[in-house]
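Asks: what follows is a predicted structure for the sequence shown.
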Amino acid sequence: MAAPDDFDAWFRLLQTPGLGREGARRLLAAFGSPEAVLAASPVALTELGGPALAATMARPAPECEARLAAARAWLAGETLRHAITLGDPAYPPLLLQTADPPLLLYVQGRTELLAAESVAIVGSREATPQGLANAREFARGLGEAGLTIVSGLAAGIDGAAHEGALAAGAATVAVVGTGPDRVYPARHKALARRIAETGAIVSEYDPGTPVLPEHFPQRNRIIAALARGTLVVEAAPRSGSLITARLAAEAGREVFAVPGSIHSPQSRGCHALIRQGAMLVEGVDDVLEVLRGTRPAAALSAVPDADTPADPVLAALGHEPATLDALLARTGWPTAELSARLLELELDGQLARLPGGLFQRRVAG
């Protein structure tokens, strides 16, 4: 776990206005530690990223010290509250394998569960009674088989999955999109308390962070990354659960979906996943056979490129925009090597960087 002085440096680095995770990782790669970044001279920062970077690092957030004091107070408030930074021995190993790992995690509960064999169970907030029952039964059965159940503490399927795990006496991890001291929805306060007592609540957001819609898609990447597989129980066509499933597939993890009635809107997302290659599951054994290695899972299908270029990165990119996570999964390249090649292709005019972290091939006209 981060020592107090280390935590302060990480916190202050991440509070730098406009820097973001990618910018912070670039600085850490160059200088080696957050302490070294914060102590770097304007000349060194200008050499690395130009005067804009030097100016950014010279302007600490006005509220930084107050937020730091609040974070320290939260960490000291109860036992089993931890701050885990990138590179910490307790950092979740599966999360390290992704392209966009959080640099700082707040954990209330058992940190060892972040490295346990786990499966994510996600689905609709507006779940049907049958969907809720299915989520509980899958979580109970998978928990009894020794798997940790990961979900997002949301209403509907998420809450039912946590409840099913707790009913089985199994471990469960809730990844939240607020600060670790907030519970959303509020009706899950008792459930969150039970999870913290025997499992873990995880957030990359500082204590005091309120409910913000843009945080939940970011939260989903952590859910997908912590688990060896993601099971979608119910999902409407535009459900956030489909984002989690996509992120899991792009990270090379297994994706499972529970089929439902063709007349139910809450089944359409699962049916779409199955058409794309997610494994249709009817019971706990279907999931266990894949995760325990007795049955191969299907991969989510990719559209073949009829005009495949010679460059392997462009070939992996195809003609549709793709994220760095997707390209890492398709190429198998190390993150640093792939990022360097993407930059070369961008400078050479062969691909464009789009909003939202997407890359797209340029077609010669």
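Replies: Structure received.
Asks: show me the shaky parts of the stretch 151-300 of the chain.
Replies: For the stretch 151-300 of the chain, the stretches flagged by pLDDT under 70 are 294-300.
Asks: which residues in it form strands?
Replies: Ranges of strands in the stretch 151-300 of the chain, per DSSP state E, counting those that start in this stretch, are 172-175, 200-203, 229-232, 254-257, 279-280.
Asks: can I get those strands in TSV including mean neighbour count?
Replies: Heads up, the C-betas are built off the backbone N, CA and C, glycines and all. As requested, the strands of the stretch 151-300 of the chain are exported to TSV (neighbours: other CB atoms under 10 Å):
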stretch	mean neighbour count
strand 172-175	28
strand 200-203	25
strand 229-232	28
strand 254-257	26
strand 279-280	18
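Asks: of all those strands, which lies closest to residue 28?
Replies: Closest approach to residue 28 among the strands of the stretch 151-300 of the chain (CB to CB): strand 200-203, 20.8 Å.
Asks: what would the strands of the stretch 151-300 of the chain look like in a markdown table with distance to residue 65?
Replies: Shown next, in a markdown table, are those (distance: least, CB to CB, whole Å):
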| stretch | distance to residue 65 |
| --- | --- |
| strand 172-175 | 28 |
| strand 200-203 | 21 |
| strand 229-232 | 39 |
| strand 254-257 | 43 |
| strand 279-280 | 50 |
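Asks: which residues in the stretch 1-150 of the chain form strands?
Replies: For the stretch 1-150 of the chain, strands defined by DSSP E, counting those that start in this stretch occupy the ranges 81-85, 104-109, 118-122, 148-151.
Asks: and those: which comes nearest residue 290?
Replies: For residue 290, the closest of the strands of the stretch 1-150 of the chain is strand 118-122, at 9.9 Å, according to CB to CB.
Asks: related to what we said a few turns ago, relative to residue 291, which of the strands of the stretch 151-300 of the chain is closest?
Replies: Nearest to residue 291, of all the strands of the stretch 151-300 of the chain, is strand 229-232, at 5.6 Å by CB to CB.
Asks: output the contacting helices and strands for the closest one.
Replies: Judged by 3 or more CB pairs under 8 Å, 6 or more residues apart in numbering; DSSP states H and E, strand 229-232 is in contact with strand 118-122, helix 240-250, strand 254-257, helix 268-276, helix 284-291.
Asks: among these, which is nearest residue 21?
Replies: Nearest to residue 21 among the helices and strands packed on strand 229-232 is helix 240-250 (15.3 Å), distances taken as CB to CB.
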